[in-house]
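Participant: 3D model of this:
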Amino acid sequence: MKKISLVAALALAMLPAIPALSRDKAPPTIDRDRVLAEEMLLAGPGLRGRGSATADEAIAAGYVASLFRDFGLRRAPGMDSYLQTAPLTRRAIAAPPVLTVDGKPVAGANLLLTGGGTAGGKAVIVTRPDGDIPAADVILYTGPADDLMTFARKLRGKGVKLVLTAESDASRKFLAMIGGKPSLPTTIEGTPSRRPPMTIATIPAEALAGIAAGAEISIHVPIETTKATTTNAIGYLPGTDPKAGVILLSAHLDHLGVRPDGIVMPGANDDASGTVAVIELARAFAAMGRQKRGILFVAYGSEEIGGLGSTWFGEHPPVALTDLVANIEFEMIGAQDPKLPKGSLMMTGSERSNLFDMMKSRGALIASDPYPDQHFFERSDNYSLALKGIVAHTFSGWAVVPTYHQPTDTVENLDIDYMTNAIRSLVAPVSLLASGGFKPEWKAEGRPKP
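Facilitator: This is a model prediction of the structure:
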């Protein structure tokens, strides 16, 4: 049954494009019932959580691509389909990890993150997450368990090979949030992982307490590799002036799929909601017809395992990256953050460019990111393109919503009215962008450095 559904979805995506409607058409209303219907399909039981680089993700991409075709969008330049696929290498743990302290095995090691292989060195004890990062291969973290992953993000690029800490309710919760199994890097075939090869593991608290600073610690994680494919859906509305550039509206369509215990992770907010925003804006602008600038509408695959769909798009763009004048990414727009003004989305990195002030002045329901310490600007698909110099930001709702990476991320827990109104408010400012009447630019020191 799934094979038939996949073939049907891909066949729809391969059909010829319907010519775009004339430019003098009024934009259709962003309709609440349509928003709800699209959410129910994407986050419904049939797509089983749209796991990254799975057949379910491919079916979802085929569905989005078929909508793009039906709206009258064209295939992107140089593409013979509305779908773009990327070959991946997936890694899995082949056998239980082996942890030793001063050459003696220690039982009870559980992995949270790993690149596989062997990591080790002399242990340095860190008791708090907000202090200086020591120069060390191995860190024994004994600070608050709830701050472990925030601390781990600070270690990126610092050369730390292994973080060992006590198993806790927080570590078990984190493991459940990433799908119930350790996170190993999946990579684009033939390329190294963007994630530093750091391993984070837990052991029982009493075992951790028995390890002294300077102890020689080693962990070995056997891994195996398999091939996989991720899928992006791409629709294109050509501009009337090829020299005016192209804007990109995007979201990721994948989520966590089915956990090892069989529980489906629906991903209604993360990120079916963002995908619906791209769909509805594609519908609106296809009906309005060609603008001065072209518009690319893209739903990426495999964001949840490292932003791989957007990375592939950035490396194999259907238009020259120098032609992209702005990217707006939509991520988790289905719930209102209590820290934001009523009805507003947050714009990550709003202080980095002139895009925020323009969009807000044109009626976009947006506000600045109230969580600068979480670095959300660097944690979504916009960042792959921002690193290449494109003015690229993410619009999001409640970034720390309680349903994040939980089985409760369902359509029933979305605020469809909020979501519909937020999408509706973006039509006018995106129209200005598409008309060529505004030039997005980085502010001083705003462009991120690779």
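Participant: Check the burial of residue 224 by counting its neighbours.
Facilitator: Applying other CB atoms under 10 Å, we find 11 residues neighbouring residue 224. (Glycine included, C-beta is placed from N, CA and C.)
Participant: Check the one 4 residues further on too.
Facilitator: As a burial measure, residue 228 scores 19 neighbours (other CB under 10 Å).
Participant: Would you agree it falls within a helix?
Facilitator: No: using DSSP: H, G, I helix; E, B strand; the rest coil, the assignment for residue 228 is strand, not a helix.
Participant: so it touches residue 51, yeah?
Facilitator: No: contact between residue 228 and residue 51 fails when scored by CB atoms under 8 Å: they sit 10.2 Å apart.
Participant: all helices for the stretch 301-450 of the chain, in order.
Facilitator: For the stretch 301-450 of the chain, helices defined by DSSP state H, counting those that start in this stretch occupy the ranges 308-315, 355-361, 382-386, 416-425, 427-435.
Participant: can you redo those as TSV with mean pLDDT?
Facilitator: Shown next, in TSV, are the helices of the stretch 301-450 of the chain (pLDDT from 0 to 100):
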stretch	mean pLDDT
helix 308-315	92
helix 355-361	96
helix 382-386	88
helix 416-425	97
helix 427-435	95
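Participant: In JSON lines: the ones you listed, plus mean neighbour count.
Facilitator: Shown next, in JSON lines, are the helices of the stretch 301-450 of the chain (neighbours: other CB atoms under 10 Å):
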{"stretch": "helix 308-315", "mean neighbour count": "25"}
{"stretch": "helix 355-361", "mean neighbour count": "18"}
{"stretch": "helix 382-386", "mean neighbour count": "25"}
{"stretch": "helix 416-425", "mean neighbour count": "20"}
{"stretch": "helix 427-435", "mean neighbour count": "19"}
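Participant: Which parts of the stretch 301-450 of the chain are strands?
Facilitator: 324-331, 345-347, 366-368, 392-396 (DSSP state E, counting those that start in this stretch).
Participant: Serialize the ones you listed to TSV and add fields for mean pLDDT and distance to residue 300.
Facilitator: Shown next, in TSV, are the strands of the stretch 301-450 of the chain (pLDDT from 0 to 100; distance: least, CB to CB, whole Å):
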stretch	mean pLDDT	distance to residue 300
strand 324-331	96	9
strand 345-347	96	19
strand 366-368	96	21
strand 392-396	96	12
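Participant: Looking at those, which one is packed in the most?
Facilitator: Each of the strands of the stretch 301-450 of the chain was scored by mean neighbour count; the highest is strand 392-396, a mean of 29, by mean count of other CB atoms under 10 Å.
Participant: got the angle between it and helix 308-315?
Facilitator: Strand 392-396 and helix 308-315 meet at an angle of 150 degrees, taking axes from the mean of the first three to the mean of the last three CA atoms, to 10 degrees as the criterion.
Participant: these two touch, right, residue 169 and residue 145?
Facilitator: Yes: counting by CB under 8 Å, residue 169 does reach residue 145; the two are 7.2 Å apart.
Participant: So between these two, which is more surrounded?
Facilitator: residue 145 (20 against 9).
Participant: what's the more buried one in contact with, if anything?
Facilitator: Counting by CB atoms under 8 Å, 6 or more residues apart in numbering, residue 145 makes contact with 165, 166, 168, 169, 170, 171.
Participant: got it, and residue 434?
Facilitator: 239, 247, 285, 291, 292, 293, 295 are the contacts of residue 434 under CB under 8 Å, 6+ apart.
Participant: One more pass at 6 Å, please.
Facilitator: For residue 434, the contact set (CB atoms under 6 Å, 6 or more residues apart in numbering) comprises 291, 293, 295.
Participant: ok, those residues vs residue 161, which is closest?
Facilitator: Distance to residue 161 across these (CB to CB) is lowest for residue 295, with 44.5 Å.
Participant: Surely the closest one is in contact with residue 236?
Facilitator: No: counting by CB atoms under 6 Å, residue 295 does not reach residue 236; the two are 7.4 Å apart.
Participant: Restricting the selection to alpha carbons, write the lengthiest helix in the chain to PDB.
Facilitator: For the chain, the longest helix by residue count, based on DSSP state H, is helix 55-71. Taking Å, rounded to 0.1, in the frame of the first residue of the first chain, the C-alpha atoms of helix 55-71 are listed here in PDB:
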ATOM      1  CA  ALA A  55       9.600   6.700   2.500                       C
ATOM      2  CA  ASP A  56       7.100   8.700   4.600                       C
ATOM      3  CA  GLU A  57       9.200  11.900   4.100                       C
ATOM      4  CA  ALA A  58       9.200  11.200   0.300                       C
ATOM      5  CA  ILE A  59       5.500  10.800   0.200                       C
ATOM      6  CA  ALA A  60       5.100  14.100   2.100                       C
ATOM      7  CA  ALA A  61       7.400  15.800  -0.400                       C
ATOM      8  CA  GLY A  62       5.400  14.300  -3.300                       C
ATOM      9  CA  TYR A  63       2.200  15.700  -1.800                       C
ATOM     10  CA  VAL A  64       3.700  19.200  -1.400                       C
ATOM     11  CA  ALA A  65       5.200  19.000  -4.900                       C
ATOM     12  CA  SER A  66       1.800  18.000  -6.400                       C
ATOM     13  CA  LEU A  67       0.200  21.100  -4.800                       C
ATOM     14  CA  PHE A  68       2.900  23.300  -6.300                       C
ATOM     15  CA  ARG A  69       2.200  21.900  -9.700                       C
ATOM     16  CA  ASP A  70      -1.600  22.300  -9.300                       C
ATOM     17  CA  PHE A  71      -1.200  25.900  -8.200                       C
END
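Participant: State the number of residues packed around residue 170.
Facilitator: 17.
Participant: where does stretch 356-371 sit relative to the chain's centre, distance-wise?
Facilitator: 21 Å (CA atoms, centre = their mean, to the nearest Å).
Participant: what's the first-to-last distance across it?
Facilitator: Distance across stretch 356-371, first residue to last, is 16 Å (CA to CA, to the nearest Å).
Participant: Please narrow the contacts of residue 434 to those residing in strands.
Facilitator: Among the contacts of residue 434, DSSP state E puts residue 295 in strands.
Participant: shaky segments in this protein?
Facilitator: The model of the chain has pLDDT under 70 over residues 1-28, 193-196.
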